[in-house]
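[1] next one to model:
(2 chains)
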Amino acid sequence: MDGEPAVRARGLTKRYGDVTAVDAMELDVPVGVAFGLLGPNGAGKTTFMRMLFGLVRPDAGSVEVFGRNVADHGVAALAPVAGFVESPRFYPYLSGRANLEVLARLDQPYGDGPDIDLVLETVDLTDRQRSRVREYSYGMVQRLGVAAALLRNPQLLVVDEPTNGLDPAGIRDMRELIARLAGSGITVLLSSHNMLEVEQVCDRVAIMRRGGIAFDGSITDLRAMADDVGYRLTTEDDRRALELCEHTPGLHRLELGLDGLRFEASQSAVEDLTRRLGAAGIGTRELAARTTALETLFFRLTESRSEVLM
Amino acid sequence: MSSTTAVFRVEWRKLAAQPRLRAGFAVLLIAPWLFIALVLHQDRLPVETLYGRYLKDSGFATPLVVLVFSTQWIFPLIASLISGDVFSSEDAHGTWKTVLTRSVSRGEMFWGKVAAAFTATVAAVVVLGTSATLAGVALVGSQPLVNVGGVLVPARSALGHVALSWLVVLPPVLAFAALAIAVSILTRSSVLGVLVPVVIGLVMQMYVFLNAWDTVRHVLLNSPMNAWRGLFDTPAYTDPLERGLLVALAYLAASIAISLIAFHRRDITGG
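    Coordinates of the predicted model:
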């Protein structure tokens, strides 16, 4: 197991009829990092994760966990892995605690994980452990999903869109929980379509697009590439401002919408633009960054037809 | 404890926690008592049903009349409700991905669930049979029973025959359970897992009423369901029992084989 990445995908391919969900995917997730898997809906993240868990059989290629092929070794390969794909699901007629007891029993051959009280406390569900899952909020089910994963005492925690459907407080708590787990030495593979979330939690990131990997590197590498930010500008005369923008160097993807002008630009180009607007006598009502630098890069990587950066 | 045993125990815990299943068992427990109580309070008897005319003469007629009713559609329904649901409820709740990402293989999951489904189905039949026997003996009495051949069977012997009759319907009931499992796995639908085996049972029943080709009739599950009647003749005959056992085993083996292959090959994409 030493020296092997936590996850290694080689030529991994899955097709559903004419649709290729994952296309010859190559990926290494190093041990001990918080790894973000980013991509828009339909990019193939969930299909990849289902293959990682052995829920879906690849049409070609392989996926290994700590050096063991999932297709060949089955549950033995997945012994160090826990997590959930899409939203976690439980038996609604059982309590949260009973669900965990049932799952703990299914883990018994490898059952040296922490006790149920401890994981319930970790995810802050001790008070509601006796309530039936059908009475849980969405956020509580998500947290129960993390508890179910922790029961396996995993070396690799795989979570898919863990903050989907949560309220702002739930999002904050879930991100803190995952960051805390990542900090405890567990390798975390976090799938998300939210750049900000990955940026906050992860050290490395892979960006998926149309079943393949469009970027694979550290968050620092990604930041270095992301020099342009998306902006929205509203003025007293947007049409004149548009003409001015068209003649201002360093502005890209310029478009005029109902809510003003949208463009991408570096910091220096924006400074230049504000000076030009003032000189032209065009009053600025609002100039706001509508995406972060990384989000802008994410959109560029996932929306462009051919760009692949590694 | 093996993983298959772990799955078996988990399934039992889940089954026991479901209110509808508890309600179903309560119905099986109470229904025979209500039935014989109503019969005793009316003048007419279900004389067209085998042993119906003896309901007031011997308590052992009660479990036999209940058995006749049950073989027509209650057993297929019980088998479908329990066994079909053991698999398709995972689809309904989207929990395949939850249980199949733990430390049990698909093979262990399959056999553990099949064992739990069969055990629960057998338990339901035993509850119904025991309840019907107790209801008959308690409310009518343990008088000797007149058999199909017109011979009076002593109480002890009649009880043994009743127990044996309920025992020999278990293979075809389990064949219906296996059919329900196969339909549930193939269709991934709780509703079809229950409905299809019941409809199959009714179609087979209709074929028997038509009194058409014997060859076809012998390979239907109704034959083993009704083979117990030979035990109540004088002299008793067991040819239908032996043939019926083979038919039930064939249905059972084929359904389980299809289910196992389909379950292993299936991609878990829902939930």
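
[2] so what does the longest helix along chain B touch, helix or strand wise?
    Secondary structure assigned by DSSP state H gives helix B:106-139 as the longest helix of chain B. If you count contacts as 3 or more Cβ pairs under 8 Å, 6 or more residues apart in numbering or on different chains; DSSP states H and E, helix B:106-139 packs onto helix B:3-17, helix B:19-40, helix B:61-69, helix B:75-79, helix B:85-93, helix B:155-168, helix B:170-187, helix B:239-265. In this view, the C-beta of every residue, glycine as well, is placed from N, C-alpha and C.

[3] what sits against residue A:235?
    Residue A:235 makes contact with A:241, A:260-261, A:277, A:282-285 under the criterion Cβ atoms under 8 Å, 6 or more residues apart in numbering or on different chains.

[4] isn't residue B:169 right up against residue B:71?
    Yes. Residue B:169 lies in contact with residue B:71 (Cβ atoms under 8 Å); the separation is 6.4 Å.

[5] now the common contact residues for the two.
    Shared contacts of residue B:169 and residue B:71, counting by Cβ under 8 Å, 6+ apart, come down to residue B:225.

[6] got the residues of the stretch 101-250 of chain B near chain A?
    Applying Cβ under 8 Å from any Cβ of the partner chain, we find that the stretch 101-250 of chain B lies next to chain A at B:101-105.

[7] on that earlier part again, the contacts of residue A:235: which two are farthest apart?
    Farthest pair in the contacts of residue A:235 (Cβ to Cβ) is A:261 and A:283. Separation: 13.9 Å.

[8] neighbour count for these two, which is higher?
    Between residue A:261 and residue A:283, counted using other Cβ atoms under 10 Å in any protein chain shown, the more crowded position is residue A:261 (22 against 10).

[9] quick check: closest non-adjacent residue to the more buried one.
    Nearest non-adjacent residue to residue A:261, counting by Cβ to Cβ, 6 or more residues apart in numbering or on different chains: residue A:233, 4.4 Å away.

[10] could you identify the helix or strand that succeeds whichever strand or helix holds the one you found?
    Element membership for residue A:233, per DSSP states H and E: strand A:229-235. Note on strand A:229-235: by DSSP H and E, the next helix or strand toward the C-terminus is helix A:238-246.

[11] so how far is that next one from its chain's centroid?
    Computed by Cα atoms, centre = their mean, to the nearest Å, the chain-centroid distance of helix A:238-246 equals 37 Å.

[12] next, the angle helix A:238-246 makes with the helix or strand just after that helix.
    Using DSSP H and E, the helix or strand that follows helix A:238-246 towards the C-terminus is strand A:251-257. Calculated by axes from the mean of the first three to the mean of the last three Cα atoms, to 10 degrees, strand A:251-257 forms an angle of 170 degrees with helix A:238-246.

[13] give the pairing partners of strand A:251-257; include direction for each.
    strand A:260-265 (antiparallel) (DSSP bridges).

[14] downstream neighbour of the partner strand in the secondary structure list?
    helix A:267-279.

[15] which residue is the nearest non-sequential neighbour of the residue positioned nearest the centre of chain A?
    Per Cα atoms, centre = their mean, the C-alpha nearest to the average position across chain A is that of residue A:192, at 2.1 Å. Spatial nearest neighbour of residue A:192, chain neighbours left out: residue A:198 (5.4 Å); criterion: Cβ to Cβ, 6+ apart.

[16] the one you found - that's part of a helix, no?
    Yes. With DSSP: H, G, I helix; E, B strand; the rest coil as the criterion, residue A:198 is part of a helix.

[17] let me see the contact set for it.
    Contacts of residue A:198 (Cβ under 8 Å, 6+ apart): A:36, A:38, A:190, A:192, A:205, A:219.

[18] from these, which is closest to chain B?
    residue A:190 (16.5 Å; Cβ to the nearest Cβ).

[19] wait, the closest one sits on residue A:29?
    No. Counting by Cβ under 8 Å, residue A:190 stays clear of residue A:29, with 10.5 Å between them.

[20] not counting sequence-adjacent ones, nearest residue to residue A:200?
    residue A:175 (5.9 Å).

[21] and if you look at residue B:75?
    Per Cβ to Cβ, 6+ apart, closest to residue B:75 is residue B:173, 4.8 Å.

[22] report pLDDT for the one you found.
    Confidence at residue B:173, expressed as pLDDT, is 94.

[23] list the contacts of it.
    B:75, B:78-79, B:121-122, B:125, B:225.

[24] out of the residues you listed, which two are the most distant from each other?
    Top of the distance list for the contacts of residue B:173 (Cβ to Cβ): B:122 and B:225, 15.0 Å.

[25] comparing these two, which residue is more hemmed in?
    residue B:225 (28 against 16).

[26] am I right that that one sits in a helix?
    Yes. Under three-state DSSP, residue B:225 sits within a helix.

[27] I'd assumed residue B:69 was in contact with it.
    No. Using Cβ under 8 Å, residue B:225 makes no contact with residue B:69, being 11.5 Å away.

[28] how far off centre is the strand holding residue A:233?
    For strand A:229-235, the distance to the chain centre is 27 Å (Cα atoms, centre = their mean).

[29] all good on my end, thank you.
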